Every structure is written in C-alpha cells, then in structure tokens.
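Visitor: I would like to see how this sequence folds:
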Amino acid sequence: MLKRLSFFLLFFLFTSSLYAQKSDTSSVEWINVYFNAESDHSVAFEGNTSNDLQDMFIPLLNRIDSAKYSIDLAAYDLQNMRVVQALANAARRGVTVRVVTDNSNRNRNPKYNQPIWDTLRKVGVYSIDDAGTVYQPDGGIVELREPLTNAGAIMHHKFAVFDVASPDPNDDYLWTGTMNLTYTGNWNTNATFVIKDNGIANAYAKEFQQMWGSKTNIPNPNRARFHKDKVFIKGNIFYVNDIKVEVYFGPVDRGGRKPSISKRIVELINEAKHDVHFLAFAISPTIDISKAMIERSARGEIRLEGVIDPAFYARYRNQNEIWAKPEMSFGNRLILSGKEVRKLHAKTIIIDALYPYPEKQKAITITGSYNFSVAAEAVNDENILMIHDNRIANLFFQDFKGVQNRAKRLSEHHYPDIDTSKWYTNHRFNRGNLEVELETGFYYPVSPLGVELPREWTGDKDSSFFYSEEAHVYYENLLKGKALKFTSGNEVPSHIFGKYLAYITAKTDSNTIEVNHHLLATGNAQYSSWNRQQKDSIVSFKQAEELAKSQKRGMWAYPDSVGTKVLTKEARLTHNLFPLDINIASVEELTSIPGIGPKTAQAIIDYRNQREQISNLDELINIRGIGEATLNKLKQYIVIESEQ
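Guide: Numbers count the residues shown, from 1 in each chain. Predicted coordinates:
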C-alpha cells in the first residue's frame, strides 16, 4: 500500500509541473537528419546516404501523433494545416499542447492564419506571442498594459519538444531545423532534425519555458521573457551517445552573460584544418563570421565554398559587397548564387567535411534557425546546434553539393506537379510573371508556350522593351477572375529554368479563351519557337501573328519600335527627359509621358508631319483622342523650342 501511495505521489509531482528536472540519462539516443532537396550522393560515405527529397513534415507529424504527455511548439510562422490538425488531435487525446509564436506573423495572412488559430482554439489550446499577448480558447485576447519589449526583434525559433512532462527520460524528443511551418516551407530548401536525447530536449524545454512564463498549460505574460530579456541557463554541451553537441540560444542578453553564438562560430572557423562550406539564406558581409571565413581563405589556410540565396546575393552584388565580388569565385574560393525552386532557406556551416585525415579531426555541422546576421546575434530569438561528427557532417555535405550543382546548372531542383485536368482558380502576377497556386499556399511560375511578351527588363533598371507595359497590363486583365488550365497538347507542360511552359486556357461561366493564340492575335506578343510545340499550334500561332501585323494590332501598329528599349515608368519621373520639344520628339519619347500610349504618340507625329511643325501647343486639341484634360496634362511635359 505504501509503495502504491509513493507511486501516485511521484506521478502527481511529475504531472503537476510539466517540467520535472531530469538529468541527461536517456538510454536510447540518436539523431536523424532530413533534407527536402536533392543531395549529391556521389560524395556520401559508405552506408551514409542522406535522407533527401523528403516530405519534411512527416517526421514532425509522426512525433506529434506519438506524443503522450506534452508538446511545446515554438514557431516563427505557423500556417501549415497538416501540422495544426495533428496538434488538435493530440490535444483531443489529452496531450498538453502549448504554442509560442511571433507577433508579426500571427495574423499576417488571415486567409491561412485564421483557420489555424480557430482549429487550436476549439480544442482548448492557449498560445502567446513575443509581445506578451495571450490568446485564449474562448476567443479572448489578453494584452499587457505595456507590451513586452520588441523593438523590431522576432521570435524566429522553429522547434518542438515532446513528452518532457513524462517521468521517463526515454520519452523525450526534439524536432528542430531551418524550416518554417508554412505551406511553402517544404519547397524552400531546408534541413530538419529529430533528436532522441533527453538532455538536449530539456535544454530546448527550458528555452520554451522562459517564453511561456508558466509551468501550467496557461501562459503567464508577466513572467514571460523574450529576446534580450531571456537569461542564460547553464549547460550547453551534450552527448548523443558519443556525439558531442553544443546547443546555444540567442540573442545575447542585456547583461552579456549568455555565450555569444557568433563568437563560438568564429572560434570553430579559426580552428578549421582544411575547408569550410556554407549554405546561407543571408550572410551579412560585415559580421565577424564572414570576416573569419574571408580572412582565413585569403591567407590560403582553408578552402571556402558557399551558396547564397539569390535575393540576398543580388543585394550584395548591387551594393558591391565582398560576397558577390569576382575574387570570391576563383582560387581556393567559390561563392555562388543559389538556383533553387524557391528560397535557399538553409543556415548551415560545415567545417572540415573534406579533411583528409578524419580520424584526427571531427568535422562540425553548425545549423539551426540562426541566420548569419547582426539581428540573429543581437535581438532575435534563435537556436543553433553545433554537432561534432564526421558522418552527420557528410550528410550535410551531400546536401551542400546538391545545392552547389544546381547553382552551377549541372542539375535542377525538383519542382511541383501540374495537373492537366484541373482548373486552377488562384493565380497572381509577380513582376509581370504569372504565378499559379499549384499547392495550397504555394505559387509557381507558368509562362505561355510559343509566345513571348515584350520583356520588362532589358538588363538596365531604367529601361524596358517597347510595348511591355501595355502588353503585361493586357495579359493581367485577360486572366483576371478566370479559371486556368495548363497543357502541352496531350502532355504535361515542360518545366524549364524554374517555370512551366504551357498552353493556357482561361474560362469564365460563359466562354473560354485560348490565351497563347489570343495574345498573338491581339498584337500583345510575338511568336517564339523556343521549346517543343505541337505542329498545329505552330501553324496557328504564326498565322495569328501575321494577321496582327497586317492589321497593325497592338505593338504592330509601330513595327519599327518593336524590340527597341524605352524608359520605364519610374525612370520617366526621375530622368531629365522633360520637357520634350514637340517638333522633334519621337514616338518612344512621347510614350514616356504618363498616360500617352503609342497610338496617341503616333497621331501627334502624323499631325506634325502634315504641317511640317507645330507652332502652338493648343493646336494639339485638333488631334483625335486629345481633349482639354489630355492637353493640359501634355503641357506639363512638352514645349515648342522657339517659344522656350
């Protein structure tokens, strides 16, 4: 009887506090790593092939479905309904589910966010964001009188801790990595872990506990700590069997007692024997991490290779920063811009993956939520793992080589499927390019096969090709509000350079439009022979273009201007182009006037040619299509040189 009472007392103590303290005593320990892009297995150690091309959500969903006691989730952006439904099912089973999120992302996209929070609210789940706002299951929102200090910082974590409320240390698991829990997270290039080790799981549980502010299932915003207000919890070195793992949480605290992630990474880079490879969504050129890699490679001490997300690489190139300079791409360095299907969202540094004497030096993998930036070090909630193990480093090196191969155009990223029988109702235009929602929340480019609209970019930021503005506006209006189907004759459309090339059909309730043919027939595009096309389409498309030319439709009203460069709308307002002398201005110059299209510009030229010159601006009201309002607008941009 006494033993039974002791057992119930022990069980009560563990369940009354979700975080009973446990030493690092789990008897079964392991680390599994998952990648969603294609790795290069030619560089794999024997028996060490990476888990690539994975549905990255499956390992997380498996852990959620297996949880018995507790799930603590810290998610920078929570939008994926598969994850949320699994959490809701766990809550229905009696598992305690607690969620911490970033306040700037919580309601950023109501279309996706609101169903998420409604689903969790209905099963009794509380959540708190990094402003200290508590969201209650009854729909109530409790805000602090003075929100927690934010100052532009973000809660950037992506981790979940499982069953640390259990008295058995063998029940504890951690899921973490670089992937946000969004619909597009599985298409951005990412890496994730599942770690079975109660020491590491409890380190993350303590990080979560600081942000939650309570040991119950209800958060306490008055005790919650985020960003610089979090304190250092001692103990950051763990062993998963014999694999050494360092665990760090950012940012640095106000008192400077927490270990600096940046300083530790720099120490490890400076200890590198042979090589450093990195994959970076962002890697600020001026931070100490970048300086250490650049300086050591400059002295010839290490081989340095890296791939940077193209958006950030372009920023560094435009600002003439070191990462995009020529010296980063020869000798013992090779830094490239990524060519992934979406974002290169990785945040990984691999040290000594190619060291020729591995038994004398453990290779190191550094990865987590921590972008290599000032904000990650100084203000954001971040987590990072530093794993001292040759085989895990080799897994990440396989992933690195896959990304590098694609950056070199030696291979292509996998891409989403397109259903030729489906009518797609959600689409948008991004910089003039059609993007279609092929999966929930995931938009992907589709271009019309056999058709080339005048391009908006010529290599010069101030210019575009003639008629591009008119053609792209026409294209957008043509597809607005219509369902779209994509084929390539009887085949699935070809995928080339990050987009599909397709025959596009648009439909409303009353009719359908063969978009490719229509663009050619209206003079808004030219025929393109690029890529494989159906023979009957080639004949039809060429006939449509010839008819548009003969009837001077669209761009063909001004055939001499087709293919020439004109100023963009933005450049018209900033260049010293105006005022124009009406007696010498060209069609291209006149169309640079806001609101003046090619037809009106040509009418002005024709009127001028009939009279040799225009002697008074008021004469222009005699031109068809120019009324008083248009004339008054024109007078802001034109003059007669003799009068001036």
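
Visitor: for K196, see how far away N62 is.
Guide: 12 Å (C-beta to C-beta, to the nearest Å). The C-beta positions use only the backbone N, C-alpha and C, and glycine is treated the same way.

Visitor: for those two, indicate the residue with more neighbours.
Guide: Set N62 next to K196 and count neighbours by other C-beta atoms under 10 Å: K196 wins out with 20 against 13.

Visitor: contacts only, for N531.
Guide: Residues in contact with N531, defined by C-beta atoms under 8 Å, 6 or more residues apart in numbering, are 449-450, 494, 496, 501.

Visitor: out of these, which end up buried?
Guide: Among the contacts of N531, those buried by neighbour count (16 or more other C-beta atoms under 10 Å) are 449-450, 501.

Visitor: closest one to Q404 out of these, please.
Guide: Closest to Q404 out of those is L501 (26.4 Å), distances taken as C-beta to C-beta.

Visitor: I'd guessed the closest one sits against P445; true?
Guide: No: contact criterion C-beta atoms under 8 Å: L501 and P445 do not qualify, at 9.8 Å.

Visitor: just flag the most distant two among the contacts of N531.
Guide: Maximum pairwise distance among those (C-beta to C-beta): 13.3 Å, between G450 and I496.

Visitor: hmm, back to that, lowest pLDDT pick from the contacts of N531?
Guide: Lowest pLDDT within these is found at I496 (84).

Visitor: could you measure from it over to R409?
Guide: Per C-beta to C-beta, I496 is found 12 Å from R409.

Visitor: could you list the domains of the protein?
Guide: Per the record, the chain has its domains at 25-39+48-228, 261-407, 427-561, 576-639, by automatic domain parsing.

Visitor: quick one: closest of those to L567.
Guide: Each of those was scored for nearness to L567 using C-beta to C-beta, and the closest is domain 576-639 (5.0 Å).

Visitor: and the closest one, average pLDDT?
Guide: Mean pLDDT, domain 576-639: 84.

Visitor: centre of the chain to that domain, how far?
Guide: Chain-centre distance of domain 576-639: 45 Å, with C-alpha atoms, centre = their mean, to the nearest Å.

Visitor: before we move on, what about stretch 180-190?
Guide: Between the centre of stretch 180-190 and the centre of its host chain there is 8 Å, according to C-alpha atoms, centre = their mean.

Visitor: excluding its backbone neighbours, what's nearest A483?
Guide: Distances taken as C-beta to C-beta, 6 or more residues apart in numbering place W423 nearest to A483, at 4.0 Å, with adjacent residues excluded.

Visitor: now Y239
Guide: Nearest one to Y239, counting by C-beta to C-beta, 6+ apart, is V245 at 7.1 Å.

Visitor: also N107?
Guide: Nearest non-adjacent residue to N107, counting by C-beta to C-beta, 6+ apart: N113, 5.3 Å away.

Visitor: make sure the residue nearest to Y239 is actually in contact with L385.
Guide: Yes: if you go by C-beta under 8 Å, V245 and L385 touch, sitting 6.0 Å apart.

Visitor: coming back round to it: check the residue nearest to A483 and give its pLDDT.
Guide: On pLDDT, W423 comes in at 96.

Visitor: run a quick neighbour tally on it.
Guide: 13.

Visitor: for it, phi and psi?
Guide: The phi/psi pair for W423 (degrees, to the nearest 10) reads phi -90, psi 120.

Visitor: for it, give me its contacts.
Guide: Listed by C-beta under 8 Å, 6+ apart, the contact partners of W423 are 483-485, 507.

Visitor: PyMOL command to pick out the buried ones of these?
Guide: If you want just the buried ones from the contacts of W423 in PyMOL, going by 16+ other C-beta under 10 Å, the selection is:
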select buried, resi 483+484+485
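
Visitor: and which of the contacts of W423 is nearest E470?
Guide: For the contacts of W423, the nearest to E470 is L484 (21.7 Å; C-beta to C-beta).

Visitor: am I right that the closest one is in contact with K422?
Guide: No: in this structure L484 lies outside contact range of K422 using C-beta under 8 Å: 9.5 Å.

Visitor: can you show me the strands along the stretch 201-350 of the chain?
Guide: Taking DSSP state E, counting those that start in this stretch to define them, one finds strands in the stretch 201-350 of the chain at 237-240, 243-250, 275-280, 303-308, 333-337, 347-351.

Visitor: now those strands as TSV including mean neighbour count and distance to D77?
Guide: Output for the strands of the stretch 201-350 of the chain, formatted as TSV (neighbours: other C-beta atoms under 10 Å; distance: least, C-beta to C-beta, whole Å):
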stretch	mean neighbour count	distance to D77
strand 237-240	17	28
strand 243-250	21	18
strand 275-280	25	19
strand 303-308	24	22
strand 333-337	19	25
strand 347-351	26	15
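
Visitor: residues in contact with stretch 141-150: which ones?
Guide: Contact with stretch 141-150 is made by 103, 130-136, 221-222, 224, 226-229, as judged by C-beta under 8 Å, 6+ apart.

Visitor: what's the PyMOL line that selects buried ones from these?
Guide: Selecting only the buried entries of those in PyMOL, with 16+ other C-beta under 10 Å as the criterion:
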select buried, resi 103+130+131+132+133+134+135+221+224+226+227+228
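
Visitor: and the contacts of stretch 141-150, which two are the farthest apart?
Guide: The most widely separated members of the contacts of stretch 141-150, counting by C-beta to C-beta, are Q136 and K228 (27.4 Å).

Visitor: which residues in the stretch 301-450 of the chain form helices?
Guide: Secondary structure of the stretch 301-450 of the chain by DSSP state H, counting those that start in this stretch: the helices cover 310-318, 374-378, 390-407.

Visitor: may I have the longest one as PDB, with CA atoms only?
Guide: So that's helix 390-407. Once non-C-alpha atoms are left out, helix 390-407 reads as follows in PDB (Å, rounded to 0.1, in the frame of the first residue of the first chain):
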ATOM      1  CA  ASN A 390      32.000  13.200 -39.400                       C
ATOM      2  CA  ARG A 391      29.000  11.200 -40.600                       C
ATOM      3  CA  ILE A 392      26.500  13.900 -39.900                       C
ATOM      4  CA  ALA A 393      28.800  16.500 -41.500                       C
ATOM      5  CA  ASN A 394      28.900  14.200 -44.500                       C
ATOM      6  CA  LEU A 395      25.100  14.200 -44.700                       C
ATOM      7  CA  PHE A 396      25.100  18.000 -44.800                       C
ATOM      8  CA  PHE A 397      27.900  18.000 -47.300                       C
ATOM      9  CA  GLN A 398      25.800  15.800 -49.600                       C
ATOM     10  CA  ASP A 399      23.100  18.400 -49.300                       C
ATOM     11  CA  PHE A 400      25.600  21.200 -49.900                       C
ATOM     12  CA  LYS A 401      26.900  19.600 -53.100                       C
ATOM     13  CA  GLY A 402      23.300  19.200 -54.400                       C
ATOM     14  CA  VAL A 403      22.600  22.900 -53.900                       C
ATOM     15  CA  GLN A 404      26.000  23.700 -55.500                       C
ATOM     16  CA  ASN A 405      25.300  21.500 -58.500                       C
ATOM     17  CA  ARG A 406      22.100  23.400 -59.100                       C
ATOM     18  CA  ALA A 407      23.800  26.700 -58.700                       C
END
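
Visitor: show me what it is packed up against.
Guide: Contact partners of helix 390-407 among helices and strands, from 3 or more C-beta pairs under 8 Å, 6 or more residues apart in numbering; DSSP states H and E: strand 30-35, strand 275-280, strand 303-308, strand 333-337, strand 347-351, strand 364-368.
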